[in-house]
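> coordinates only, sequence not included:
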């Protein structure tokens with residue numbers, strides 16, 4: 001958890017610290033102005049309408065992929081899980097049918113000898129065997145019911161999980177849109193958080209068409225963020241094939257790795273292509 005005094009600065013610039021080890025800044029001819037931005041911005045919404053019960057993150061917090069950010073009201077879902085778990089774990093019906101089968105099997109075994117010497121009539125022995133068959137059917141029904149209860153438990157757990165709001169990416173909370181206690185409706189968007197990926201970052205720069213024609217995907221470039229005495233390497237990921245009529249330039253997008261979160265998103269920068 002990032003201390004509260006640092007959160008505002010983190011969101012404003014999304015810059016934690018300057019580079020600990022970087023090459024000194026130098027003036028390079030053929031530089032182009034660009035802007036550093038998150039490589040991805042995600043608007044997280046609730047899975048269903050309901051009351052927002054709690055939030056575990058605030059604006060400016062760093063979050064990991066899959067991390068729980070908030071919970072919707074889950075009272076009914078919790079009860080459904082508990083009820084389904086009790087049915088899935090209940091073995092009473094199976095145990096009863098099993099005992100009945102074992103009891104009837106012993107009776108049949110004992111009375112088979114009586115039937116052999118004529119003491120017991122065949123109809124009585126057949127009746128015991130029919131009862132054992134019915135007990136076996138009851139056991140199968142009980143086993144099927146338990147399997148069905150296990151499926152109901154999985155369904156209830158899935159419904160409960162839908163009340164959890166998790167981050168699909170590793171990034172930073174740009175905005176917390178709803179507050180605990182508010183009713184969230186998907187018809188109104190149901191937005192809860194805005195999360196941005198800052199590792200990697202994306203750099204967009206506009207260059208003349210002749211320069212763009214020489215660039216290939218994977219080409220390297222030096223990126224010098226403003227107010228940052230460091231130079232970072234980035235790689236070209238896309239070169240627009242259409243010239244912007246207003247500026248007479250082509251947009252080039254680069255990927256800037258930012259594992260240590262040293263580079264600020266939202267900053268202007270200078271870009272020099274080394275390839």
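Arrived safely, thanks for sending. Note that the coordinates shown come from a computational prediction; the quantities given were computed from them, not determined experimentally.

> which residues of the protein score low on pLDDT?
For the chain, residues meeting the criterion pLDDT under 70 lie at 1-29, 114-122.

> and the strands in it?
32-45, 50-55, 62-63, 68-72, 164-166, 171-176, 183-184, 191-207, 220-225, 232-239, 250-256, 268-273 (DSSP state E).

> what lines up beside the last one in the sheet?
Sheet partners assigned to strand 268-273 using DSSP bridges are listed as strand 32-45 (antiparallel), strand 220-225 (antiparallel).

> now do the buried residues in stretch 259-275.
Buried residues in stretch 259-275, defined by neighbour count with 16 or more other Cβ atoms under 10 Å: 261-267, 269-273. Quick note: C-beta positions are derived from backbone N, CA and C, even for glycine.

> any chance of the strands paired with strand 268-273 in a markdown table, with mean neighbour count and distance to residue 55 too?
Conversion of the strands paired with strand 268-273 to a markdown table gives the following (neighbours: other Cβ atoms under 10 Å; distance: least, Cβ to Cβ, whole Å):
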| stretch | mean neighbour count | distance to residue 55 |
| --- | --- | --- |
| strand 32-45 | 18 | 11 |
| strand 220-225 | 22 | 32 |
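
> out of the strands of the chain, which comes closest to residue 131?
Using Cβ to Cβ as the criterion, the shortest distance between residue 131 and the strands of the chain is 49.9 Å, found for strand 164-166.

> how close does residue 96 sit to residue 136?
Taking Cβ to Cβ, to the nearest Å as the measure, residue 96 and residue 136 are separated by 13 Å.

> can you name the residues that contact residue 150?
residue 88 (Cβ atoms under 8 Å, 6 or more residues apart in numbering).

> cool, residue 82 as well?
By Cβ under 8 Å, 6+ apart, no residues touch residue 82.

> helices of this structure, start to end?
For the chain, the helices defined by DSSP state H occupy 4-13, 75-89, 92-116, 122-161, 209-212.

> out of the ones you listed, nearest to residue 40?
Evaluated over those, closeness to residue 40 peaks at helix 4-13, with 16.2 Å, by Cβ to Cβ.

> save the helices of the chain as CSV, and put in distance to residue 196 too.
Formatted as CSV, the entries for the helices of the chain read as follows, by distance: least, Cβ to Cβ, whole Å:
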stretch, distance to residue 196
helix 4-13, 9
helix 75-89, 30
helix 92-116, 53
helix 122-161, 25
helix 209-212, 27
